[in-house]
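Colleague: Sequence below, structure please.
(2 chains)
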Amino acid sequence: MNGSGRAEGARDEGRAAMSGVGEPRAARGARGESAGTLGEPGGPDRPGMPSGADAWDARPGHWPAGERRAPAGATDRPDPDPWETSGTPTATEAWAAPFDARVLTAADASEAFEAPSPPAARTSAASVAVARTPTASVRPRAAQLSSPSASTRGGADAEPDRSRRAAPRRGAADPVKALLHRHRELCERAVDPLEIAAGLEALGITDRTAARFRHRDVFSLAEELYARVPRDGASRPYPEPVRVPRVSAGWILLTLLPGALGTAVLAGLHLTHGQARLPVALGGLLAVGLAVRAALRRGPLAAAPGTPSWRTGSGTRAWTLCLLGYALLGDGLLRAILAGGPDALPTGAPDGPWPVTAAPALALTLACAPAAWCAHLLAAGARRRLAGSRGLEDFTAAARPLLLGTFALFLGALTALLALCGAALHEGAHYPQALTLGALLLLARLLTVHHRRHAPALVLAAAAATEAAALALPLAGRLPGCAFLATPVQTLVDAWGTAAVPVLACGTAALTLLVHAQRTLTQASAHAPTGAPE
Amino acid sequence: MRIGLLTEGGYPYVSGDAGLWCDRLVRGLAQHEFDLYALSRSRQQEDAGWGPLPPHVGRVRTAPLWTAEDDGVAYGRRARRRFTECYGELAAAVCAGSDEVFDAASRAMSPHLADRFGNALYGLAELARDEGGLIGALRSDIAVRTLERACRAPGALRTAREARVPDLLTVAAHLERALRPLSLDWYGDDALGAADLCHATAGGPAALPGLLARHFCDVPLLVTEYGVQLRSHYLALGPDAAAPAVRALLAAFHGRLAAEVYRRAAILTPGNAHARRWQERCGADRHRIRTVHPGMEASRFAEIGESPDRADPGTLVWVGRVEPAKDLVSLLHAFAEVRKEQPKARLRIIGAPAGPEGEAYLGHCRVLAAQLFPDEAEGVHAVGDNPVSFEEIGDPEAPTLPDAYAAGAVVVLSSVVEGFPITLAEAMFCGRATVSTDVGAVLEVIGGTGLVVPPRNPRALAEACVALLRDPERRERLGAAARARALELFTVEQNIAAFHCIYLEVVARCPVRRVVLDEAGEPLPFATPPEAHVPGRWTGPTARALTRGVPGWAAGGPVRATPLATAEGAQ
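Modeller: Prediction:
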């Protein structure tokens, strides 16, 4: 309000200067009445003009005709005057009221103008003062309100014909006010004067039109409108649509597909024997791979639009495949290597020389569905928190429990799936390996979905490299003179078993990513809705 | 000389905005070399491809504005600090409250603030040139946090202080979009740096590369604006498009950007006085503005304009696209008044409706015309006809646009809103007397060669029409004057000639001073002689078509100056 008040003051002065010297023709026409009644342009020297502040308020009828600075003095006067306290309208109200009653019939319009802050009231009254043309309907109420000055207003009443001729057709005392009323919405919702100017021009108002409102151009008219419109801020809250990502049947079914195919493949492997197993296994793997790819293409697990660089995208994919391959075959292979093997290819049987751990793999394929739901919950919750938070700190504070909760939910779902698969396949569930791997993959995917591609690619590569090293080191230790290379892995396996390798690799990686996600996924920019207004 | 023509969503693409104008300009100034730098606006536009280009267009470089590849460069600590500083300055300049924005003395933006904005902009551009990765940084959390800090700073815009997190994200995303030209690789010595002059065919995003070329290589910038970019931004981002904080910040950003463009441009060429006023309002220096009116193809109206008036003396013609802003209702009411004075008068409304709104409006006008004017016939036995007819170009009555104008004794324009009234200029080319409403650039176009009445005033419109219908001599006089005026101001030739002069003026006033180094790295004096700026190639226009290794005298045909020698050589 401070700024607009100052602007008004400046404009008020500008207008005073303009009406004094270079007044346009239209303005002079509208002021014909005052010039006619006063006779001389030198208003302040007029006989009967009071000099003190008290006298001003006693005769509010005077100042519109001659002296325009008076209301400023009247309203800024430090001590209240008997006229004011006794309920008689102040000078501003006296002149604003008849106008409101006549021109603005709508209730909202008058109430908006009746309670402006002092500078606004002063301006509107001042412009009323210049533009006023006392037509028949104005005068009775004005005279009644300003009864103490009735005798001095006789001069104006003496020439009714002239003043009536000077009045415009829809005789508005303050044409800008009428304009303001007509374009109220434009003015209220404009963010700066230029927006009003653009809007007015689009409605066909030109500089010639602005001259009728005693303005040099549309821009200064727009500035007056901008300064005069009441702006309390809370009047019109922008309805923020919360664009929560939709749940569609398409991605729900797609995320169920890998699990279903994985189950089917395992069932097929159980039912087939001998030669037929290899094509079934290979075909099954291919089918599951394609299904996972399809599930990651749509829905909440889909990466954001915008192509990643080729290295990042394919790298992430390759390392993920390595990790999954290790989960399926790695434990058996490591055991075989440490035992001096491997002597034979895996047969698919859990009790062979190179056992395949099918239960975690199946559980992971089934976990595509909970992962998608968790990603959806995270995205939707983040959007809601975005809409509700005032500052970035608020959002971060609100998003952190959301992320952790989602993560925990996924771990719980995966644990349940592991238990289920272990029971169904009658083999060990391998909780630690599967849980750490699942956590790692979920976090990597979440980060990728939210535009953070770099860190997951790096961490996945590190985890896969660790596992590959765990397999390669014992093999290298068989070379003459390199036995020391096998020692760390051997020690580790001796202490905690073969599961220690993937648990350590994936667990460290998952923790790293969790810390990273805690920092980045709780930032508002990670959840920015795509598409900006143009 | 070499001109870098900067376009946005326009020229070389087939589906562009100002394609026709740019094409005429490039073809008309064949003595200069043109390099096109085009920003495309959508994928459809890129898929549609380019139109045919004349041979003196040296190179065409395009960049998409609708998508951006993050080059994956992650900033180190120093680069991040640099980015934070520059972006913070930019955001602070955008968020500055109204007290700081405008000088108390002049209404233009305060130079201090303009400097801050400009320095921040160029700082970001330098960062993008040195380090890359600006797009990722503009999308990053640092950017959003910096923006938030600027919004909450004391003295910031009141509306900006209310910005919530989604608003900040929207603004950051929009700024990233708007600042995409900063990441382009157009500012090297082999691209825009090699140009003698950058000509931006629009303000806003198209002028941004020109600003940077000016900053990096001191290439003078010429900005042509037929529509004010800032104004269309205001109209496009209406109250329902976004939250108030977003609109306030974006409006401030585009305002500052426009001010920077206007401040830095060597010459501004608005298309009409309206654009000129906006440019002046946004801080353009009056001395550097030259209004260049758009050029129109005059030849197709030449026949109509030069032949004597064969039109039916009582016919009024309105030509244009039918839409509510044209206020045909007022025209029909005015025509009713005209009919009281001139019972033989006819009104032909020629034009197709624009969009569904226009369709509805046309239907409304047809109904009104049928109500106001009953069908009438010559006698008792003749078939009647309505004095008001609604037609479209291509109908048997008006097969072409010039025929449409030729059919009327007086051409009427009744719009309440108008930008640059093309139909009025066309009517002037046809040598018709015109009555138009005082809207938009009408007064500027018509000068004193037609009657102008206030808008929404059917009675005044009718009186002016009647005055012209009654006075064939005055019609003829006004028509001839209008045609002369249009031929002087609105032809393609004047447009091209004006730009030619402006190019020379710019190059003469702010020449690019390049220091050319020899092999040893020493500056080579007189390496760029003044003739480098002379229009036309002193090496001859055919020189570039030569294949290497063939001597010049062997490649061409017979040389006219020495016919004998050539004949001997042929034998």
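Colleague: Can you pull out the low-pLDDT segments for the chain?
Modeller: Since you didn't name a chain, this refers to chain A. A:1-172, A:232-242, A:304-312, A:343-353, A:530-534 (pLDDT under 70).
Colleague: nope, chain B
Modeller: Within chain B, the segments meeting pLDDT under 70 span B:16-17, B:72, B:98-109, B:309, B:528-571.
Colleague: change it to 50
Modeller: Counting by pLDDT under 50, chain B shows low-confidence ranges at B:104-105, B:540-548, B:552, B:555-571.
Colleague: At the geometric centre of it, which residue sits there?
Modeller: B:Y226 (3.1 Å; Cα atoms, centre = their mean).
Colleague: I'd guessed that one sits against B:P294; true?
Modeller: Yes - counting by Cβ atoms under 8 Å, B:Y226 does reach B:P294; the two are 6.1 Å apart. Where C-beta positions appear, they are placed from N, C-alpha and C, glycine not excepted.
Colleague: intersection of neighbour lists for those two?
Modeller: B:21, B:271, B:420 (Cβ atoms under 8 Å, 6 or more residues apart in numbering or on different chains).
Colleague: and the first one, how many neighbours does it have?
Modeller: When neighbours are counted by other Cβ atoms under 10 Å in any protein chain shown, B:W21 registers 21.
Colleague: Excluding chain neighbours, what is closest to it?
Modeller: B:P294 (6.6 Å; Cβ to Cβ, 6 or more residues apart in numbering or on different chains).
Colleague: who's in contact with the one you found?
Modeller: Neighbour list for B:P294: B:21, B:226, B:271, B:420, B:490, B:495 [criterion: Cβ under 8 Å, 6+ apart].
Colleague: Now tabulate the residues you listed in CSV and tack on secondary structure.
Modeller: Formatted as CSV, these follow (DSSP: H, G, I helix; E, B strand; the rest coil):
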residue, secondary structure
B:W21, helix
B:Y226, coil
B:G271, coil
B:F420, coil
B:F490, coil
B:N495, helix
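Colleague: from those, which single one is nearest chain A?
Modeller: B:F420 (13.1 Å; Cβ to the nearest Cβ).
Colleague: wait, is B:S436 part of a strand?
Modeller: Yes - counting by three-state DSSP, B:S436 is found in a strand.
Colleague: ok, for it, nearest residue in space, not its chain neighbours?
Modeller: With sequence-adjacent residues excluded and distances taken as Cβ to Cβ, 6+ apart, B:S436 is closest to B:L413, at 3.7 Å.
Colleague: Isn't the one you found up against B:V442?
Modeller: Yes - assessed by Cβ under 8 Å, B:L413 is found in contact with B:V442 at 7.0 Å.
Colleague: on that earlier part again, which non-adjacent residue is nearest the residue nearest to the centre of chain B?
Modeller: Going by Cβ to Cβ, 6+ apart, B:Y226 has B:G271 as its nearest residue, at 3.7 Å.
Colleague: any idea how far A:G299 lies from B:E376?
Modeller: Distance of A:G299 to B:E376, computed by Cβ to Cβ, to the nearest Å: 69 Å.
Colleague: Who has more neighbours out of the two?
Modeller: A:G299 (21 against 11).
Colleague: buried sites along the host helix or strand of A:P279?
Modeller: Applying DSSP states H and E as the criterion places A:P279 in helix A:277-297. Within helix A:277-297, the residues scored as buried using 16 or more other Cβ atoms under 10 Å in any protein chain shown are A:277, A:280-281, A:284-285, A:287-288, A:291-292, A:295-296.
Colleague: if we take those, which one ends up nearest to chain B?
Modeller: A:L296 (20.2 Å).
Colleague: Can stretch A:397-414 be said to contact chain B?
Modeller: No - using Cβ under 8 Å from any Cβ of the partner chain, we find that stretch A:397-414 stays clear of chain B, coming within 10.1 Å at best.
Colleague: Which residues outside that stretch are in contact with it?
Modeller: Stretch A:397-414 is contacted by residues A:363-364, A:367, A:370-371, A:374-375, A:377-378, A:381-382, A:385, A:388-389, A:434-435, A:438-439, A:442-443, A:514, A:517-518, A:521-522, A:527 when judged by Cβ under 8 Å, 6+ apart.
Colleague: give me that answer again for 7 Å
Modeller: Stretch A:397-414 has contacts (Cβ atoms under 7 Å, 6 or more residues apart in numbering or on different chains) with A:363, A:367, A:370-371, A:374, A:377-378, A:381-382, A:385, A:389, A:434-435, A:438-439, A:442, A:517-518, A:521-522.
Colleague: thinking again about what came up before, possible to save the shared contacts of B:Y226 and B:P294 as a markdown table with distance to A:H270?
Modeller: Listed next are those as a markdown table, based on distance: Cβ to Cβ, whole Å:
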| residue | distance to A:H270 |
| --- | --- |
| B:W21 | 74 |
| B:G271 | 79 |
| B:F420 | 79 |
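Colleague: Now do B:G305 against A:R246, distance only.
Modeller: The spacing between B:G305 and A:R246, counted by Cβ to Cβ, is 61 Å.
Colleague: Same drill for those two, tell me which one is more crowded.
Modeller: The neighbour comparison of B:G305 against A:R246 (other Cβ under 10 Å) goes to B:G305, with 24 against 9.
Colleague: Which residues are in contact with the nearest residue to that one once chain neighbours are set aside?
Modeller: In space, and not counting its chain neighbours, B:G305 is closest to B:G431: 4.1 Å by Cβ to Cβ, 6+ apart. With contact set as Cβ under 7 Å, 6+ apart, B:G431 has these partners: B:305, B:479-480, B:482-483.
Colleague: now swap in A:A295 and tell me
Modeller: A:254-255, A:257-258, A:301, A:368.
Colleague: go on, A:L437?
Modeller: Counted by Cβ under 7 Å, 6+ apart, A:L437 has contacts A:323, A:327, A:364, A:502, A:506.
Colleague: Neighbours of A:L271, how many?
Modeller: Neighbour number of A:L271 under other Cβ under 10 Å is 10.
Colleague: mind listing the helices for the stretch 151-300 of chain A?
Modeller: A:154-158, A:160-166, A:175-182, A:184-189, A:193-202, A:207-212, A:218-228, A:249-271, A:277-297 (DSSP state H, counting those that start in this stretch).
Colleague: How about the contacts made by residue 261?
Modeller: Just going to use chain A. A:287-288, A:291.
Colleague: that's the other chain; I wanted chain B
Modeller: Taking Cβ under 7 Å, 6+ apart as the test, what B:V261 contacts is B:203, B:207, B:211, B:223.
Colleague: Could you rerun that using 8 Å?
Modeller: With Cβ under 8 Å, 6+ apart, B:V261 has these contacts: B:200, B:203-204, B:207-208, B:210-211, B:221, B:223.
Colleague: now, which of these lie within strands?
Modeller: Mapping those onto strands (DSSP state E) picks out B:200, B:221, B:223.
Colleague: quick one: which of these is most hemmed in?
Modeller: That'd be B:V223 among these, by other Cβ under 10 Å, with 30 neighbours.
Colleague: shouldn't that one be in contact with B:G271?
Modeller: No - checked against Cβ under 8 Å, the pair B:V223 and B:G271 is beyond contact range at 11.5 Å.
Colleague: what about the helices in the stretch 301-450 of chain A?
Modeller: Under DSSP H, counting those that start in this stretch, the stretch 301-450 of chain A gives helices at A:310-325, A:331-338, A:358-366, A:368-388, A:392-425, A:431-449.
Colleague: Using TSV, lay out these together with distance to A:D207.
Modeller: Listed next are the helices of the stretch 301-450 of chain A as TSV, based on distance: least, Cβ to Cβ, whole Å:
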stretch	distance to A:D207
helix A:310-325	57
helix A:331-338	84
helix A:358-366	72
helix A:368-388	43
helix A:392-425	45
helix A:431-449	54
